[in-house]
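> Have a look at this fold, sequence not included:
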């Protein structure tokens, strides 16, 4: 800030400087809040946004592993999972997985925090408990319940991470060259242009292989997982 001079009478001149506003005090909640806003969360990027050094974050968060837990828990707290309905438990699972992808899309980068992590944060465990309740209500055997929660989170997370990667690519070059439509059209041309004697199925199915947008393909994967679980549970 520029100095501000105050004249008192004819003999005394006092020069003062306006104080810079103090940054918000660090806390685990403040660190998590900032981390959720980053496509690729790092302790350094969060510290830079907070106007401090990475070392100061460790007084509130033990490291990247704990930050991942806290970020995932904060976002999962927004995941609304209904009370179990034994007559519609499979549809509840489909809706829950679709809603989780929507949360990841609303908070780019958070899905990466959830990958390769065994959840221990209470917010994540709370939604796991609710998912298990829906599965149990549907008569799913305990071992299938446990494994399905893991597989479902991996599927939704991997789709979200892939979308994050495409988003980053679009931000780094001509957006038109990396739109979904442009990529699909290019892939279609590759399949259709293959030697039919060596790739008879890919050339014949070029249209089919490149049909469906991201939401349609995701919904197919969700239905595949849930329908497979239903079939296994009925054995």
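Here it is on my side, so go on. Remember, predicted model here, so these are calculated numbers, not experimental data.

> Can you check my assumption that residue 139 lies in a strand?
No - counting by DSSP: H, G, I helix; E, B strand; the rest coil, residue 139 falls outside a strand, being coil.

> Tally up the residues packed near it, please.
Here the neighbour count serves as a burial measure; for residue 139 (other Cβ atoms under 10 Å) it reads 11. Quick note: C-beta positions are derived from backbone N, CA and C, even for glycine.

> Can you give me every residue that contacts the residue nearest to it when sequence neighbours are not counted?
Counting by Cβ to Cβ, 6 or more residues apart in numbering, residue 233 is the residue found nearest to residue 139 once chain neighbours are left out, at 5.9 Å. For residue 233, the set of contacting residues under the criterion of Cβ atoms under 8 Å, 6 or more residues apart in numbering consists of 138-141, 144.

> now the helix or strand that contains residue 233, how far from the chain's geometric center?
When secondary structure is defined using DSSP states H and E, the element that contains residue 233 is helix 214-234. Centroid separation between helix 214-234 and its chain, computed with Cα atoms, centre = their mean, to the nearest Å, is 20 Å.

> Quick one: residues contacting residue 152.
Applying Cβ under 8 Å, 6+ apart, one finds that residue 152 lies in contact with 93, 97, 131, 225.

> if we go to 7 Å?
Residue 152 is in contact with 97, 225, counting by Cβ atoms under 7 Å, 6 or more residues apart in numbering.

> how close does it get to residue 137?
Between residue 152 and residue 137 the distance is 16 Å, computed by Cβ to Cβ, to the nearest Å.

> Do a quick rundown of the helices in this protein.
28-35, 43-50, 54-57, 64-76, 89-106, 110-114, 122-137, 142-172, 180-192, 200-204, 206-209, 214-234 (DSSP state H).

> now the ones you listed in JSON lines, with mean pLDDT and distance to residue 82?
Putting the helices of the chain into JSON lines (pLDDT from 0 to 100; distance: least, Cβ to Cβ, whole Å) gives the following:
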{"stretch": "helix 28-35", "mean pLDDT": "78", "distance to residue 82": "26"}
{"stretch": "helix 43-50", "mean pLDDT": "79", "distance to residue 82": "34"}
{"stretch": "helix 54-57", "mean pLDDT": "81", "distance to residue 82": "37"}
{"stretch": "helix 64-76", "mean pLDDT": "85", "distance to residue 82": "15"}
{"stretch": "helix 89-106", "mean pLDDT": "96", "distance to residue 82": "6"}
{"stretch": "helix 110-114", "mean pLDDT": "88", "distance to residue 82": "21"}
{"stretch": "helix 122-137", "mean pLDDT": "95", "distance to residue 82": "8"}
{"stretch": "helix 142-172", "mean pLDDT": "90", "distance to residue 82": "16"}
{"stretch": "helix 180-192", "mean pLDDT": "90", "distance to residue 82": "31"}
{"stretch": "helix 200-204", "mean pLDDT": "97", "distance to residue 82": "42"}
{"stretch": "helix 206-209", "mean pLDDT": "96", "distance to residue 82": "36"}
{"stretch": "helix 214-234", "mean pLDDT": "95", "distance to residue 82": "15"}
